[in-house]
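I would like the atomic coordinates for the input below:
(2 chains)
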Amino acid sequence: MADKAIQQKIVEPEELFFKAKREKQFITGSEAVKESIKRANVDMAISYPITPQSESMHLVGDIYAQGYVKDYYRGENELGVMSAVAGASMGGVRVFTATGGQGALRAFEMFPTWAGARLPIVCAFFCRGLNSPLTIQPDTIEIGLLLDTGMLVLHAETAQDLYDMILKSFIIAEEPDVHLPVAVFADGFFVTHTREIVEIAPEDIKLPPYNPYKAPVPVMDMETPPVRQMRDPFVMKSNYVSYACHASWQQEVRAAAERARKHINKYLGGLLETGNEDAEILIMASGTAVSQSRAAIIRAEAEGLKVGLVKLKSLRPFPKDEIKALAKGKKAVIVPEFNITGWLAREIKSVVEDNSKVIGAPRVYGGMTMPPKLILEEIRRCSK
Amino acid sequence: MNNKIYKISPGFEKIMPKDYRDLVNDGPFDKKLGVKDLGTFKELIEEHPLCAGCGLALSKRLILASLPSPENTVIVGTTGCSSLSFAQVAIHNIHSIFGNQNALATGLKRALEIRFPDKTKDVVAMGGDGAIGDIGLGMVMHSWFRGEKFTTIMFDNEAYANTGGQESGMSQKGAVLNMAPTGKKYDKLPLPEIARAAGCVYSAVVTPARPKRLEKMVRRAVLLARELGPTYIQIYCPCPTNYKFKPSESLKRTKDMEKSGAYQIKEYISPAAEELIKKFEEEK
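This next block holds a predicted model:
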């Protein structure tokens, strides 16, 4: 445990998120993570330096040494870290960790386990490509693999998003009607390693502490009823009751994620953001593909082409009704992605009425940046 | 422990099953009971689905009766035969995934220290030989290297019993089991010695044929973990189902294993632990 504690004033989440005067700092995405955790009243953070890694978790170690976090250590491996944060969360404290790419997949078994155990863990994922061949470059392929673990999934475009989404995720995750883990994704390198101006709240204020007694499941501290779960564990039974119990538990996890919509709307201002949504052609994207799309749209406008932009912030819950309504009557929906699988195009195709207008392009992968020119070419093609 | 945790709300006494009423009226919480009192109080484990003659079931019963403060103990289990008899245990217990019990217990113990700085909350990680000796060994050893203050207990049935009797690292050399059709090619893992080298202040091996010895070791391990650091106990748990002997012969087999030297009772105690044990046992 930390030797010293920093004195910070506890304020209501609304104060920290919206009212407190923000200061502009020119910092990296990893530093934005640190600033976020500084104000999040986190009890424990556990780290592991797998390749790929960003600075974020060792910067969290620095603020632990300064007294902002009560306990922190470097775990033995990714699975060990994801297990230890689960244990800490079951013990009733607020926890944070981060991973990415191969590391995330190494620990994969824990993510559905977190959701099933209703643990409000916040974990940042800094997306990287997956082996083989060996890569550490930016690529969002892992998001597609992690969409259906039961965690809430947010995708940050910028360091500002990363700061805000992580901080707000603790409050969304801990809502008693949600109480699920939140995965906050950001594109590795493009967001973690580059500097931008980020507006942040004063460092002498922090969120209220986590109250584990508001959890929909008992905290494992021998202070909370019930003391005995059941006489007949379902795992042993091959009968209707045990199947129905497991099925209804899974349904409740999904229902809890749906109930997060209102909290995401309240704190993040919606599951998506739109600009020029009346245009005939829309670009729908998440993460840094949104930034590249903005650049492409400026060039398209110079050519007299009108294009709208839909930035998806929440992927789970998925803004299906919003996307369906936005896509209605459009000529084309362009979905640029930083991965080979096109998981976002697939998601969007699954909810729009006429999915032949969804263009799953451009896609870049293997670590390349996405030239706005490629997006512009799609816009031109669709405008004909 | 908060007594509300198991007391029955007024008006519901008749609805609760008898075994639960017994737990409230005659349970062991806050009473400082032990193995010698078995039969005089309602035990922490209710009817469970483990096989007849299961050495693990007997060991678990003895461990639960030996815990120095069950009212402030949280158990971290893991996948295996033992996980099938945790839902019936009247102590908070966790099942996460196969082999991650020591990593999870690390987070749990540290969280309880943050939340209850003025109370002692014991954490005990329990698992089979597959979980502790094979799939989770890295996480087990790292919890020892880090000096985490909780006890690890292995139910050693020398096989993957819950999946049908496959070879584990703890199986004896030459044992013919599933996945070892021509016999195991290498020695049983020297886990007690590994534990000692990895930083356990106390590492012991026992069998359920010696209930008093087992109790003493469990108490020592839990009390030492509170004060000093990691402790390890390995318990031989004969498995009639997979080693194909009669359930009624489990204890005989245990004694035979001890007699032949195939399973040796051991106790490694660090000098600091030795000193503390003297203090505890004098106070008692």
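
please enumerate the strands of the stretch 1-150 of chain A.
Along the stretch 1-150 of chain A, the segments classed as strands by DSSP state E, counting those that start in this stretch run A:9-10, A:23-28, A:44-47, A:71-74, A:95-99, A:122-127.

okay, those in TSV with mean pLDDT next?
Compiled in TSV, the strands of the stretch 1-150 of chain A are given as follows (pLDDT from 0 to 100):
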stretch	mean pLDDT
strand A:9-10	98
strand A:23-28	98
strand A:44-47	97
strand A:71-74	98
strand A:95-99	97
strand A:122-127	97
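
wait, which of those strands is closest to chain B?
Smallest distance to chain B across the strands of the stretch 1-150 of chain A (C-beta to the nearest C-beta): 5.1 Å, for strand A:71-74. C-beta coordinates here come from the backbone N, C-alpha and C atoms, glycine included.

residues contacting the closest one, please?
A:1-2, A:43-49, A:60-61, A:64, B:110, B:113-114, B:146 (C-beta atoms under 8 Å, 6 or more residues apart in numbering or on different chains).

what residue ranges in chain A score low on pLDDT?
Chain A contains residues with pLDDT under 70 at A:1-3, A:51-52, A:229-236.

spatially central residue for it, please.
Closest to where the C-alpha atoms of chain A average out (C-alpha atoms, centre = their mean) is A:V184, at 1.9 Å.

in its sheet, what does the helix or strand that contains that one sit against?
Per DSSP states H and E, A:V184 falls inside strand A:182-187. Paired neighbours of strand A:182-187 in the sheet (DSSP bridges): strand A:122-127 (parallel), strand A:152-155 (parallel).

by how many degrees do that strand and strand A:95-99 diverge?
Counting by axes from the mean of the first three to the mean of the last three C-alpha atoms, to 10 degrees, strand A:182-187 lies at 30 degrees to strand A:95-99.

now the contacts of strand A:71-74: which count as buried?
A:2, A:43-48, A:60-61, A:64, B:110, B:113-114, B:146 (16 or more other C-beta atoms under 10 Å in any protein chain shown).

B:G147 and B:K279: what is the separation?
According to C-beta to C-beta, to the nearest Å, B:G147 and B:K279 sit 20 Å apart.

show me the contacts for the closest residue to A:E175 other than its chain neighbours.
Computed as C-beta to C-beta, 6 or more residues apart in numbering or on different chains, the closest residue to A:E175 that is not its neighbour in sequence is A:H263, at 5.3 Å. By C-beta under 8 Å, 6+ apart, A:H263 lies in contact with A:I171, A:I172, A:E175, A:V178.

cool, A:G103 as well?
Per C-beta under 8 Å, 6+ apart, neighbours of A:G103: A:Y48, A:I50, A:P52, A:Q53, A:E78.

and of the residues you listed, the nearest to B:M170?
A:E78 (25.9 Å; C-beta to C-beta).

that closest one reaches A:Y48, doesn't it?
Yes: with contact defined as C-beta atoms under 8 Å, A:E78 reaches A:Y48; the gap is 5.5 Å.

overlap of the contact sets of those two?
With C-beta under 8 Å, 6+ apart as the test, A:E78 and A:Y48 both reach A:T99, A:G103.

name the element whatever residue of the stretch 251-384 of chain A ends up closest to chain B belongs to?
Closest to chain B within the stretch 251-384 of chain A is A:V253: 15.8 Å, counting by C-beta to the nearest C-beta. Using DSSP H and E, A:V253 sits in helix A:240-268.

just checking, what packs against the next helix or strand after that helix?
Note on helix A:240-268: by DSSP H and E, the next helix or strand toward the C-terminus is strand A:272-275. Under the contact definition 3 or more C-beta pairs under 8 Å, 6 or more residues apart in numbering or on different chains; DSSP states H and E, strand A:272-275 sits against strand A:307-312, helix A:320-327.

deepest-packed of those, please.
Stretch with highest mean neighbour count among those: strand A:307-312 (a mean of 23; mean count of other C-beta atoms under 10 Å in any protein chain shown).

ok, then the element right after it?
Heading C-terminal from strand A:307-312 (DSSP H and E), you reach strand A:314-316.

what pairs with that following strand, parallel or antiparallel?
According to DSSP bridges, strand A:314-316 has the following sheet partners: strand A:152-155 (antiparallel).

please list the residues of the stretch 51-200 of chain B that sit near chain A.
B:71-74, B:76, B:83-84, B:86-94, B:96-97, B:100, B:103-116, B:121, B:138-139, B:142, B:146 (C-beta under 8 Å from any C-beta of the partner chain).

contacts only, for the residue nearest to the residue of the stretch 251-384 of chain A closest to chain B when sequence neighbours are not counted.
The shortest distance from A:V253 to any non-neighbouring residue, by C-beta to C-beta, 6+ apart, is to A:G150 (4.7 Å). Residues near A:G150 by C-beta under 8 Å, 6+ apart: A:F111, A:P112, A:W114, A:A115, A:G116, A:L180, A:P181, A:Q250, A:V253, A:R254, A:A257.

again with A:E23
With C-beta under 8 Å, 6+ apart, A:E23 has these contacts: A:E199, A:I200, A:A201, A:P202.

of those residues, which belong to strands?
Using DSSP state E, the members of the contacts of A:E23 that fall in strands are A:E199, A:I200.

and the stretch 1-150 of chain A, which residues reach chain B?
Neighbours of chain B within the stretch 1-150 of chain A, by C-beta under 8 Å from any C-beta: A:1, A:43-44, A:46, A:70-71, A:73, A:75-77, A:79-81, A:83-93, A:95, A:109-110, A:113, A:117.
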